[in-house]
Every structure is written in C-alpha cells, then in structure tokens.
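K.L.:
Make a model of this:
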Amino acid sequence: MVNKISKLDQLKKMTVVVADTGELDAIAKYQPIDATTNPSLLLKAAALPQYQRHFEEAVNYSKSFNENNLSHALEKLSVNIGCEILKIIPGRISTEVDARESFNAQESVKIARRLINLYEQAGINKDRVLIKIASTWEGIKACEILEREGIHCNMTLMFDFCQAVACAEAKATLISPFVGRIYDWYKNNEKRDFTQSDDPGVLSVKKIYEYFRFFDIKTVVMGASFRNLGQIQGLAGCDFLTISPNLLAELAQDFGDLPQVLSIQESKKKNQEKISLSEAEFRFLLNENAMATEKLAEGIRLFCKDIRTLEAMLEKSIS
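P.N.:
Next comes the predicted model:
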C-alpha cells in the first residue's frame, strides 16, 4: 500500500521544519514554520529581482550615516530580506551578525541590538527574530548578554559537543549543529562514506539532543547543513531541522515511511552526566577536536568572504 503522506508532511508532524534559504518562492512552496539566512544566502538573495528595491533602500538608508556606511547598508539589507520572509512564514527569521565580529563579544552585541531595532522600526516584534552568532567563546558570551535582554539567539557554526554545552549554559534560545559539514570532514579525512546509522554529523546532533532533553534544557536543537535525505531521516523527531529547498523538494516527492528516531521519552532513558565548562575547558576541548576547529574557522572565513562580496555590491551603489 502506497503511503499518501509525503515524508515532508510526516516530518512536520514530529519536527519543526525550517527553510534554509532566502528565496521567497521556495519558502512559499514548502510552507516551513521558520526560516534562516546567513551571508551566503543573502548574497544569493541580493541578486534576485524581487529584492532589488530592498537593495536600493538599504543603500539609501546607509547614506544618512557619516561612517560605516557599508555596515549599515548590510544590516538594513539583512533586515529588509528578513521582513519579506516574515510575511510568508508564521514563525521566526534568523538574521546573522557580521561574521567578522565572531571573536568580539561587545561588537556582536551592538550589531544584534541594531538589527533588532531595525526590525522593530519595521513593525516586527523581537520575538519573531533570532540573532545568529557563531559559536565561538566570544559569540557565546554575546549570546548570554543578549538573552538576558530578551533578544533571542540562534548559535550557528556548531561542530562540537562542548559548543552545545556552553550555549545551553548561556541560555541560548536555539543552536544549529552542522550535520553536513561534519560529514564532509570525516568523509574527506577517512576516505569513506557513511550510512544513516554511523554518519558522524547525525551522531553529533543526536548526542546533543539526548543530553538536552535528559536535563530538560530549554534550548532548541536545530540540525542544519544537510547533504542527503538519510541525514534528515536519521534526525526525524529532533526539535527543529533547517533544510535547503532541493532537499525539501526530495522530501515532498518521497512517499515512503518516515519513522521517528529522536524523542524526549527515549532520551530520558539514557543516563547523562551534567557538564559545566570554564573558558579554558571550552577552548581546550574545541582545540582537541581537529574537525571542529577546522570547520569553525573555515565557516567564519567563508561567511566573511561573502560579506565582503555583498559589501562590494553595495559600495558600487553607494558611490
């Protein structure tokens, strides 16, 4: 008997599905609850015709400042695109702080406040926005400050369990452990592929989810950066999953059964030891993990590169 419900619809019954894109058509088609953006996605979105007026508005906005025009233009563009996405989703948009401030807690806090202020000026309540910050020690300290102010954070570029633990201690609203990039590293370094059951990216998120649910940690676990359906299926039941349009399409066209893998009830059965990390312990554990150290640095570099490309586009229009 053929299943009449697609895997996408089955997944939505056990996991909050988030669109990992800035493309309005894709978001409208697959109807996710939330959506995420980052510098790479903003760069793609900025080239789309439907965002041209927002690009021009960001340029004009920046001209009212005597300094840091490009930074103001970038922040306004990020918020403009976020506002457009919020028109077609019922939940929250994730908007990222400048990755070049990933090791500067105070500057990250200032940028986050400016982003929230821009959203509020556009009539968007701050509860509909998640500020994305890289899961460096400084980023986590920025998150701690912002969460105390009622500004919700999505901690991104997460590759190691120690990052998740530190984010939980900072009371982060949501974390985004990166499945696909972990998988990429191990596949490249071990010269082999992995199945759904032994995929290191999937196992990393599973470990975090089970730890959080065992201790009733409120922080939402959102698996991110998927390479194939097997990885998504291996995390069915996770709090949130952020998925690219091409994989959303595959899920929508697949009518096979999708068993629930993760649940609070099963997580409660697995005894855990509570962990608390000092800055020195955090930095040591992260340094011990070659994959996490390399992928975190690489992720920040790539986001910085895309920010510079976006700024170059904005600079041409400003001048």
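K.L.:
looking at the protein, which helix or strand is least sure?
P.N.:
Across the helices and strands of the chain, mean pLDDT, DSSP states H and E gives its lowest value to helix 39-46, namely a mean of 84.
K.L.:
Can you mark which positions in it are buried?
P.N.:
Across helix 39-46, burial judged by 16 or more other CB atoms under 10 Å covers 39-43, 45-46. Using the backbone N, CA and C atoms, a C-beta is placed for each residue, glycine as well.
K.L.:
Heading C-terminal from that helix, find the next helix or strand.
P.N.:
Remark: after helix 39-46, the chain's next helix or strand is helix 52-62, criterion DSSP states H and E.
K.L.:
Y61 reaches S71, doesn't it?
P.N.:
No - Y61 is not in contact with S71 according to CB atoms under 8 Å; the separation is 11.5 Å.
K.L.:
if I pick V79, what's in contact with it?
P.N.:
Counting by CB atoms under 8 Å, 6 or more residues apart in numbering, V79 touches 95, 115, 118-119, 122.
K.L.:
most neighbours, which of those?
P.N.:
Greatest neighbour count in the contacts of V79, by other CB atoms under 10 Å, goes to T95: 26 neighbours.
K.L.:
Kindly provide the distance from it to K268.
P.N.:
With distances defined as CB to CB, to the nearest Å, the gap from T95 to K268 amounts to 34 Å.
K.L.:
Please apply the same query to T37.
P.N.:
The gap separating T37 from K268 is 34 Å, by CB to CB.
K.L.:
Those two - which one has more neighbours?
P.N.:
Applying other CB under 10 Å to T37 and K268 shows that T37 carries more neighbours, namely 22 against 14.
K.L.:
How about the contacts made by the more buried one?
P.N.:
So T37 contacts 22, 45, 78, 81-82, 85, 93-96, 132 (CB under 8 Å, 6+ apart).
K.L.:
any idea how far I27 is from it?
P.N.:
Taking CB to CB, one finds T37 at 11 Å from I27.
K.L.:
Now for these two: what residues contact both?
P.N.:
Common contacts of T37 and I27 (CB under 8 Å, 6+ apart): I85.
K.L.:
Just the helices from the stretch 1-150 of the chain, written as ranges.
P.N.:
Applying DSSP state H, counting those that start in this stretch to the stretch 1-150 of the chain gives helices spanning 7-12, 24-30, 39-46, 52-62, 69-86, 105-121, 137-148.
K.L.:
Kindly report the same for the stretch 151-300 of the chain.
P.N.:
161-169, 179-190, 200-214, 229-233, 245-253, 264-267, 279-288, 290-318.
K.L.:
in the last one, what counts as buried?
P.N.:
It stands for helix 290-318. For helix 290-318, by 16+ other CB under 10 Å, it's 291-292, 295-296, 299-300, 303-304, 306-307, 310-311, 313-314, 318.
K.L.:
what angle sits between that helix and helix 39-46?
P.N.:
Using axes from the mean of the first three to the mean of the last three CA atoms, to 10 degrees, the inter-axis angle of helix 290-318 relative to helix 39-46 is 30 degrees.
K.L.:
And helix 290-318, what does it pack against?
P.N.:
helix 39-46, helix 52-62, helix 69-86, strand 129-134, strand 153-158, helix 179-190, helix 279-288 (3 or more CB pairs under 8 Å, 6 or more residues apart in numbering; DSSP states H and E).
K.L.:
G230 is in contact with S197, correct?
P.N.:
No - at 9.2 Å, S197 does not count as touching G230 under the criterion of CB under 8 Å.
K.L.:
picking up where we left off before, can you list the helices of the stretch 1-150 of the chain in CSV and add distance to Q253?
P.N.:
What follows is the helices of the stretch 1-150 of the chain, written out as CSV (distance: least, CB to CB, whole Å):
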stretch, distance to Q253
helix 7-12, 9
helix 24-30, 12
helix 39-46, 23
helix 52-62, 32
helix 69-86, 24
helix 105-121, 35
helix 137-148, 37
